[in-house]
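Peer 1: the sequence and its predicted three-dimensional model are supplied below.
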Amino acid sequence: MAIIIGSTRNGRFGPTVADWFAAHARKRADVAVDLVDLAETRLPETLTDHDEPPPEPVRALAPRLAAADAFVVVAPEYNQSFPAPLKTALDWYYDEWKAKPVALVTYGRESGGRNAAAQLRQIFAELHAVTIRDGISLPCYWEDFAPDGSWPKPSAECNTAVTTTLDQLSWWAEALREARTRHPYTT
């Protein structure tokens, strides 16, 4: 499972959310986690033409994405959408996403990133990926800090939602991996 931190902004909350989700995923025997931080991948903003070779950062990330049987995209909502570096990362790759499940974990103000999630669902459908129904939305996430500064506080709704999301994502990952093995997906 590749967990992708979709924000590269200074002071971002994404790594906190990704680390929390990864900690839950690592407790499961059926999941190995690869944490992909887009701030560290340094993917170029300008895409190459179809007949040009991809730049080194793109080539370096490709095998990690290809190896994943499932993805978790952790994304904030900025201006009712998701960050540009995440869109660039999606656009650099195609085959790596195909016939694989994606869970969306979004955060933001009152919407909890739901607008970003809706747009990501459309893009992943175009990439022939399958977004699972139950992702995690974190509205006003700053309200879920415990008095000691830890996140999330024990009563936060996301503590329950993470189990459902992991269960669904694991089921789809196994089903689609088996299907890709028996009958390779073509478009």
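Peer 2: Thanks, I have it.
Peer 1: which residues sit in contact with D95?
Peer 2: The neighbours of D95, taking CB atoms under 8 Å, 6 or more residues apart in numbering as the test, are A66. Glycine gets a C-beta too; all of them are placed from N, C-alpha and C.
Peer 1: look at L138 and tell me its secondary structure.
Peer 2: strand (DSSP: H, G, I helix; E, B strand; the rest coil).
Peer 1: number of residues surrounding it?
Peer 2: Neighbourhood size, L138 [other CB atoms under 10 Å]: 25.
Peer 1: where is the longest helix in this structure?
Peer 2: When the chain is parsed with DSSP state H, its longest helix is helix 158-182.
Peer 1: give me the buried positions along that helix.
Peer 2: For helix 158-182, burial by neighbour count (16 or more other CB atoms under 10 Å) applies to C158, A161, V162, T165, L166, Q168, L169, S170, W172, A173, L176.
Peer 1: what strands flank the biggest strand by length in the chain, and is each parallel or antiparallel?
Peer 2: When the chain is parsed with DSSP state E, its longest strand is strand 101-108. The partner list of strand 101-108 in its sheet, established with DSSP bridges, is strand 71-76 (parallel), strand 130-131 (parallel), strand 136-139 (parallel).
Peer 1: most packed of those strands?
Peer 2: strand 71-76 (a mean of 27; mean count of other CB atoms under 10 Å).
Peer 1: so how far is Q122 from the residue nearest the centre of the chain?
Peer 2: Note on the chain: the residue nearest the mean C-alpha position is V73, at 1.1 Å, using CA atoms, centre = their mean. According to CB to CB, to the nearest Å, V73 stands 13 Å off from Q122.
Peer 1: can you check R59 too?
Peer 2: On the measure of CB to CB, R59 and Q122 end up 27 Å apart.
Peer 1: same deal with T106?
Peer 2: Counting by CB to CB, the gap from T106 to Q122 is 14 Å.
Peer 1: neighbour count winner among these two?
Peer 2: Under the criterion of other CB under 10 Å, the comparison of T106 against Q122 puts T106 first, with 27 against 10.
Peer 1: the more buried one contacts G113, doesn't it?
Peer 2: Yes: the pair T106 / G113 is scored as a contact, 2.5 Å apart, by CB atoms under 8 Å.
Peer 1: which neighbours do these two have in common?
Peer 2: A75, P76, E77, F82, S137, L138.
Peer 1: and stretch 38-45, what's buried?
Peer 2: L38, T41, L43.
Peer 1: distance between the ends of that stretch?
Peer 2: In stretch 38-45, first residue to last residue: 12 Å (CA to CA, to the nearest Å).
Peer 1: pLDDT of that stretch, averaged?
Peer 2: Stretch 38-45 carries an average pLDDT of 96.
Peer 1: contacts for that stretch?
Peer 2: 4-8, 12, 55, 57-58, 60-61, 84-86, 88-89, 92.
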